[in-house]
Each structure stands twice: as structure tokens, then as C-alpha cells.
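Q: Give me a model of this one.
(one chain, ligands or ions: 1)
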Amino acid sequence: MGLGLAFESSCDETGVALVEDGRRVICAPLYSQIAMHRPYGGIIPEYASRAHLEKFTPLLAEIIKTRQLVPGDLDYVAVTTRPGLVGALLVGYQTARAAARHFQAPLIGVHHLEAHLAAVRLSGNELPYPAIGMILSGGNSAIYRLHGPGKTVLIGDTLDDAAGEALDKAAQILQLGYPGGPEIEKHAARYLDQRGYTTGEESKLETENPFPVIMKSLGREQVQFSFSGIKTSLLRRFDPTTPEVMPALAFFYQERIVEHIVRNLSHAIAANGQLPVVAAGGVLANGRLRRALQLQCEKQGVRLLIPENQFCTDNAAMVAAAAELYFAARVESPYTDISSNNAFSIRRD
Ligand code: KG4
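A: Below you'll find the model as predicted:
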């Protein structure tokens, strides 16, 4: 049990959340900077830091006022300390430190990736240990073995881009908006519909896919992502003077990415003794991917936990959910200070 106040500012979302027990969100005001960065087709780090600086105070004031919080009310203050944009992280860290001092509560720093995984707790599920944890976001694509809070072992990660990055860059090539993931998903769904198929029938178009299978020679014992080849392949295939081919390219591109992710997860499950799977990060907001992962886990007989859509992308409630694991276990977080060491696979008993 514990009442936690959490701060998130690793990238382009400014979030503050009040969470009970690491599971029940009392309030979680979030300011998304997406509209501000959209004209640039990506995030401008300096603008992100400035926006965090401007937004944290009103968001925090909203929580303090509506909940009439006073010193002594909080059990802990949580903050994302890594990885992320350094200026953006520093704004969140200093704000959280000031809040911890004001409320006379301990400060618990968490790793952004453990926060993404802990987001499953916000829908009433406990984070199982040991488990396989898969993170797919704008900056990370990796699979881990989770042994407990702060005890994580890397199984495999990406050779080049992250899955979200591959979708964002594809959307840029296809002259769609930012962030790219939701745009690609929307146009892919429209294409499927235009072709007269419904959700779940994507594989009926498999033989028409013009993109090569990603890392075709990946052995069954290997877990390794790569997204840069397919991105180059898209760049070569798309001619802006024939924009009518865009929906088909979005569809087939997404199909190859989903297939690659599912294959890697299936290898990780087979090699790690049928552990339950927790999959998280912004890319898990993708419905096509969620369904494909569910099917694969059913086939291999393992349980799959994915956070609710609203908690897949960056938010502060997931930061509280991760910090509460340390608070409840009375263990010190290895991520409490800001550090340039972004490693997530660090310790195991
Ligand atoms: O986890 P997140 O919010 O931020 C990072 O920590 O990176 O993930 C952002 C990424 C972006 O690349 C975005 O395009 C992707 O998640 N994303 C999606 C969807 N919604 C967001 N990718 C695929 N389908 C979506 N519906």
C-alpha cells in the first residue's frame, strides 16, 4: 500500500499522476507535446525541455488543489530518471526532488522501460516474475527476462532502429503525419477494408507483399530485431508522384514489422521456458500487433499481458506503478539518480 506522486518527462509527454497502491490511478493529468513537434516531423529536444518546464507547475497545482495534498500525505515521489532526452529528464528530476522535499516523502527514480512494463498493473494485473518483457517504443525494441524490480537480463535487442522509429520514418517517407505509428495503422486498416477483407484476415494478402521478410535467416534460437532494411526498401519503392500506392505500402510495411516482432517473441518464449509475457511501449497501441501477439502466445500456451491503450504511450501513472514495486518490497531502486548509464539489463540474484 502507498500513495505515490509521479512525474514523467523523458520525451514529449509531460505527465504527473497520483496513484494508490501502484495500481489505482486517482488522477493523471498529461500534456502531450505532439502538436508542438508535428511541424518538424520529429521531436526538437530543446523545445521539449521548455514545454516540460512550463507545464509541470500547472499540472502539479491541479493535483494538489483538487486532492488537497499536504506534507505527510504521500508515501513516495517517483520520477523517470533514464533513458530519455537529457534536458527533459532534468526538468522532471528537479521538479520531483522539490516535490519530495516539500511533501517529506522519499524519492524513487525508475527506468523508463520498467515503467512501460509496470503499466500492466494499472489494469489490475500483477507484474509476474519471472517473465519475458518485450518493449517496443520510439527509442527501444528489446526483449528481457524479468526477475524482480531492478533485476533484468537482456535476451535480445535491435541491430539498428527501434520499431516505433521505423514506423515514424515510414510515415515521413509516405508523407503522412507524426507520430507515424497511428498513421500507418489507420491507412493499413483502410487498405484492408478497400480490398474487401476484415480485421483478422490480413494474412490472405501475404503473397502480394512486395517487401522482403525481415532477417529471413534468423535462427530459431536467435532474438534480434532489425528495421533499417525495410525502411530503405520502402524509400526505394515509394514514388511521391504516385501517392495512390501509399495505403498498400503502409499495409504491407506494417505486416512485415508485425511478422518480425511476432517471430522474435516466439523464439524468446521457446528459449525461456514458457514464461508469461509482458509487452509494452507505444507501439503496443497498435491493434494489429496486439492481436497477432495474442494469437502467438495462445499458440505457445503462455499468458500475455499488455497495458491498456491509454497507458501504452508515455504517462506518469506507469512511473508510479514501477516505483511502488520498490516501495512495497523495501528495496532501493538502482535508478534513483540521474545517470548517463541507460542500461536496463543490470542485475540478477
Ligand atoms: O513509448 P512511447 O510513447 O515513447 C517512447 O518512449 O518512445 O512510443 C512512441 C512510439 C512512436 O514511435 C509512435 O509512432 C508509436 O509509439 N506508436 C504506435 C502507435 N501509437 C504510437 N505505433 C504503432 N501503432 C500505434 N497505434
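Q: pLDDT weak spots in the stretch 201-349 of the chain?
A: 346-349 (pLDDT under 70).
Q: So which residues of it form helices?
A: 228-237, 246-271, 287-300, 317-329 (DSSP state H, counting those that start in this stretch).
Q: my guess is His37 meets Tyr178, correct?
A: Yes: between His37 and Tyr178 there is a contact under CB atoms under 8 Å: 6.9 Å. Any C-beta I mention is one placed from the backbone N, CA and C, and that applies to glycine too.
Q: Skip the chain neighbours and tell me the closest residue to Gly15.
A: Once flanking residues are discounted, Gly15 sits nearest to Ala316: 3.4 Å by CB to CB, 6 or more residues apart in numbering.
Q: Hmm, I typed the wrong one, I wanted Leu107.
A: Going by CB to CB, 6+ apart, Leu107 has Ala100 as its nearest residue, at 4.1 Å.
Q: quick check: angle from the helix or strand where that neighbour lies to helix 317-329?
A: In this structure, Ala100 sits in helix 86-103 according to DSSP states H and E. Counting by axes from the mean of the first three to the mean of the last three CA atoms, to 10 degrees, helix 86-103 lies at 50 degrees to helix 317-329.
Q: picking that back up, most tightly surrounded among the helices of the stretch 201-349 of the chain?
A: helix 317-329 (a mean of 28; mean count of other CB atoms under 10 Å).
Q: ok, it near the ligand or not?
A: No: contact of helix 317-329 with the ligand (CB under 6 Å from any ligand atom) is absent, the minimum separation being 9.6 Å.
Q: who touches Gly156 in this structure?
A: 142-143, 222-225, 264, 268 (CB atoms under 8 Å, 6 or more residues apart in numbering).
Q: same deal with Val16?
A: So Val16 contacts 5-8, 28-29, 56, 59-60, 63, 316 (CB under 8 Å, 6+ apart).
Q: Also Gln310?
A: With CB under 8 Å, 6+ apart, Gln310 has no contacts at all.
Q: do you know how far it is from Glu13?
A: Distance, Gln310 to Glu13, using CB to CB, to the nearest Å: 12 Å.
Q: What of Arg303?
A: Arg303 is 29 Å from Glu13, by CB to CB.
Q: neighbour count winner among the two?
A: Glu13 (22 against 14; other CB atoms under 10 Å).
Q: Against Ile43, how distant is the more buried one?
A: 11 Å.
Q: One more: Ser228?
A: Distance from Ser228 to Ile43, by CB to CB: 20 Å.
Q: Three-state assignment for Gly15, please.
A: Following DSSP: H, G, I helix; E, B strand; the rest coil, we place Gly15 in the strand state.
Q: So it sits against Cys27, correct?
A: No: with contact defined as CB under 8 Å, Gly15 does not count as touching Cys27 (11.1 Å).
Q: More neighbours: those two, which one.
A: Between Gly15 and Cys27, counting by other CB under 10 Å, Gly15 is the more crowded of the two (27 against 14).
Q: For the more buried one, list each beta-bridge partner.
A: Counting by DSSP bridges, Gly15 is bridged to Glu8, Leu30.
Q: residues touching it, list them.
A: Contacts of Gly15 (CB under 8 Å, 6+ apart): 6-9, 28-31, 59, 314-317, 319.
Q: from the residues you listed, which is closest to the ligand?
A: Asp314 (4.2 Å; CB to the nearest ligand atom).
Q: List the contacts of that closest one.
A: With CB under 8 Å, 6+ apart, Asp314 has these contacts: 8, 10-13, 15, 112, 282.
Q: Pick out the residue of the stretch 51-200 of the chain closest to the ligand.
A: Gly181 (2.0 Å).
Q: The helix or strand where Ile63 lies vs the ligand: in contact?
A: Per DSSP H and E: Ile63 is located in helix 45-67. No: applying CB under 6 Å from any ligand atom, one finds helix 45-67 separated from the ligand by no less than 11.9 Å.
Q: on that earlier part again, now do the very next helix or strand once past the helix holding Ala100 against helix 86-103, angle only.
A: Sequence-wise, the next helix or strand downstream of helix 86-103 (DSSP H and E) is strand 107-111. On the basis of the same axes, to 10 degrees, strand 107-111 is oriented at 150 degrees to helix 86-103.
Q: List the strands paired with strand 107-111, with their directions.
A: Short version: by DSSP bridges, strand 107-111 pairs with strand 76-82 (parallel).
Q: CA atoms only: put the partner strand into CSV for me.
A: Below are the C-alpha coordinates for strand 76-82, written out as CSV (Å, rounded to 0.1, in the frame of the first residue of the first chain):
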residue,chain,number,x,y,z
TYR,A,76,6.8,8.3,-2.1
VAL,A,77,7.5,10.6,-5.1
ALA,A,78,8.5,8.8,-8.3
VAL,A,79,10.3,10.1,-11.4
THR,A,80,11.7,8.7,-14.6
THR,A,81,15.5,9.2,-14.5
ARG,A,82,16.6,7.4,-17.7
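Q: List the buried residues for it?
A: By neighbour count with 16 or more other CB atoms under 10 Å, strand 76-82 contains the buried residues 76-82.
Q: Off-centre distance for that strand?
A: How far strand 76-82 lies from its chain's middle: 17 Å, per CA atoms, centre = their mean, to the nearest Å.
Q: Check stretch 303-310 too.
A: The answer for stretch 303-310 is 11 Å, by CA atoms, centre = their mean.
Q: Closest one of the contacts of Asp314 to Arg291?
A: The nearest member of these to Arg291, counting by CB to CB, is Gly282 at 17.1 Å.
Q: how much distance is there from the host helix or strand of Met36 to the middle of the chain?
A: Using DSSP H and E, Met36 maps to helix 34-37. On the basis of CA atoms, centre = their mean, helix 34-37 sits 18 Å off its chain's mean C-alpha point.
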